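Colleague: only the shape, not the letters, is given here:
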């Protein structure tokens, strides 16, 4: 027993030392990366003053790399993922917010032709209705992910865009705290999304993505611009026939393939007539759990998804995220 405990202690010390050495090495490499990044940002049009002021406090955050590698979209099965994000408590909190901000939320729905239930669902899943906005230093988060090799190009562009937004006084540099991935505000907008879709809805000359007016309007503006169609279906849960060709089964959110009219796909769907779906609609079939069960050919759960579903994938490229959003949206529709 004593030998086993000593062995376990030695192993733990070994891993702690290895982690410390790796982190120390990463910090040193990060400092070298930071020098090169500052030059790149200035050459991209960001003022030298903003680059030096903002990036002088940037730090390598090992925790950000850990979060990036273990996102719930990567490992939670669909049932668990949706259940956690569409609970009765979540619905109750959303209704509470809606009742408090009913006038402005309904005005935004009318102005942008995007359902209030969808906006509530997105805010509820992203930040639990503004309660969990994130406390990470966004500059350091984006810098860490830019330095990291997995998606360096993407996050480098996001960081430069954010610096330009600060440089042009669109965003206040003193409130840059949000998610580990660099997202910000009630709907967790990335810098590029802020640049392209965020609006000053209440006309106070500042875009404030942590208040209801600007954040809801900006989210609605984004959804309308990318083509969300009000009162059109998102998905239906289905059971598949065993003889469905594999080419019609989508398990990746990156590219939904083999879209067909419902009238064509219905022969592969059990009890299709009970669904009451317009047969002329274009749709695709997804089996979201296949990508987290290696070697699996599972046909359950399965869903038939429509154009609106793919618009949510633009927001977050995750099959389960889009399913959870649309599920919560329908729950709000039944309550409001």
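Modeller: Structure's in. What do you need? Computed from a prediction, not measured in an experiment: that's the story for all the values here. Numbering: from 1, shown residues only.

Colleague: which parts of stretch 305-323 are buried?
Modeller: 305-313, 315-316, 318-323 (16 or more other C-beta atoms under 10 Å). Where C-beta positions appear, they are placed from N, C-alpha and C, glycine not excepted.

Colleague: now the terminal residues of it, how far apart.
Modeller: One end of stretch 305-323 to the other measures 9 Å (C-alpha to C-alpha, to the nearest Å).

Colleague: residues in contact with that stretch?
Modeller: Here stretch 305-323 makes contact (C-beta atoms under 8 Å, 6 or more residues apart in numbering) with 73, 76, 78, 81-82, 122, 125, 222-223, 226-229, 232-235, 250-254, 256, 281-286, 288, 291, 303, 325-326.

Colleague: give me the nearest residue to residue 159, chain neighbours excluded.
Modeller: Leaving aside its sequence neighbours, residue 159 sits nearest to residue 142 (C-beta to C-beta, 6 or more residues apart in numbering; 4.1 Å).

Colleague: so who does the one you found touch?
Modeller: With contact set as C-beta under 8 Å, 6+ apart, residue 142 has these partners: 155, 158, 159, 162, 182, 191.

Colleague: most neighbours among those residues, which one is it?
Modeller: residue 182 (28 neighbours; other C-beta atoms under 10 Å).

Colleague: immediately after whatever helix or strand the residue nearest to residue 159 lives in, which helix or strand?
Modeller: Per DSSP states H and E, residue 142 falls inside helix 138-147. Later in the chain than helix 138-147, the nearest helix or strand by DSSP H and E is helix 152-167.

Colleague: what helices and strands are in contact with the helix or strand following that following helix?
Modeller: Later in the chain than helix 152-167, the nearest helix or strand by DSSP H and E is strand 177-178. With contacts taken as 3 or more C-beta pairs under 8 Å, 6 or more residues apart in numbering; DSSP states H and E, strand 177-178 sits against strand 136-137, helix 138-147.

Colleague: mean neighbour count, those: which tops it?
Modeller: Burial of the helices and strands packed on strand 177-178 is given as mean neighbour count (mean count of other C-beta atoms under 10 Å); helix 138-147 ranks first at a mean of 25.

Colleague: mind checking how far it is from the chain centre?
Modeller: Taking C-alpha atoms, centre = their mean, to the nearest Å, the mean C-alpha location of helix 138-147 is offset from the chain mean by 17 Å.

Colleague: how about stretch 53-73?
Modeller: 16 Å.

Colleague: do the same with stretch 224-232
Modeller: Distance, centroid of stretch 224-232 to centroid of chain: 18 Å (C-alpha atoms, centre = their mean).

Colleague: neighbouring contacts of that stretch?
Modeller: So stretch 224-232 is contacted by 112, 113, 114, 115, 118, 197, 306, 307, 308, 311, 314 (C-beta under 8 Å, 6+ apart).

Colleague: ends of stretch 178-190, what's the gap?
Modeller: With C-alpha to C-alpha, one end of stretch 178-190 sits 10 Å from the other.

Colleague: can you pull out the strands in this structure?
Modeller: Under the criterion DSSP state E, strands of the chain are mapped to 136-137, 177-178, 235-238, 249-250, 260-261, 282-286, 302-305.

Colleague: residues touching the spatially closest residue to residue 305 that is not a sequence neighbour, list them.
Modeller: Once flanking residues are discounted, residue 305 sits nearest to residue 235: 4.5 Å by C-beta to C-beta, 6+ apart. For residue 235, the contact set (C-beta under 8 Å, 6+ apart) comprises 303, 304, 305, 306, 309, 322, 323, 326.

Colleague: next one: residue 260
Modeller: 248, 282, 283, 284.

Colleague: please redo it, this time with the cut-off set to 10 Å
Modeller: Shown in contact with residue 260 (C-beta atoms under 10 Å, 6 or more residues apart in numbering): 248, 266, 268, 282, 283, 284, 285.

Colleague: want to throw these into a markdown table with neighbour count?
Modeller: Below are the contacts of residue 260 laid out as a markdown table (neighbours: other C-beta atoms under 10 Å):
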| residue | neighbour count |
| --- | --- |
| 248 | 18 |
| 266 | 17 |
| 268 | 21 |
| 282 | 12 |
| 283 | 25 |
| 284 | 21 |
| 285 | 23 |
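
Colleague: and those, which two are the farthest apart?
Modeller: Checked with C-beta to C-beta, the contacts of residue 260 reach their widest spread between 268 and 282, with 15.4 Å between them.

Colleague: let me see the confidence value for the residue nearest to residue 305.
Modeller: Per-residue pLDDT puts residue 235 at 97.

Colleague: ok, it to residue 229 distance?
Modeller: Distance of residue 235 to residue 229, computed by C-beta to C-beta, to the nearest Å: 14 Å.

Colleague: with residue 133 instead?
Modeller: 30 Å.

Colleague: quick one, which of those two is more surrounded?
Modeller: Legend: neighbour count by other C-beta under 10 Å for residue 133 and residue 229, higher for residue 133 (19 against 14).

Colleague: tally of neighbours for the closest residue to that one other than its chain neighbours?
Modeller: Among residues not flanking residue 133 along the chain, residue 127 sits closest, at 5.4 Å (C-beta to C-beta, 6+ apart). For residue 127, the count of nearby residues is 21 (other C-beta under 10 Å).
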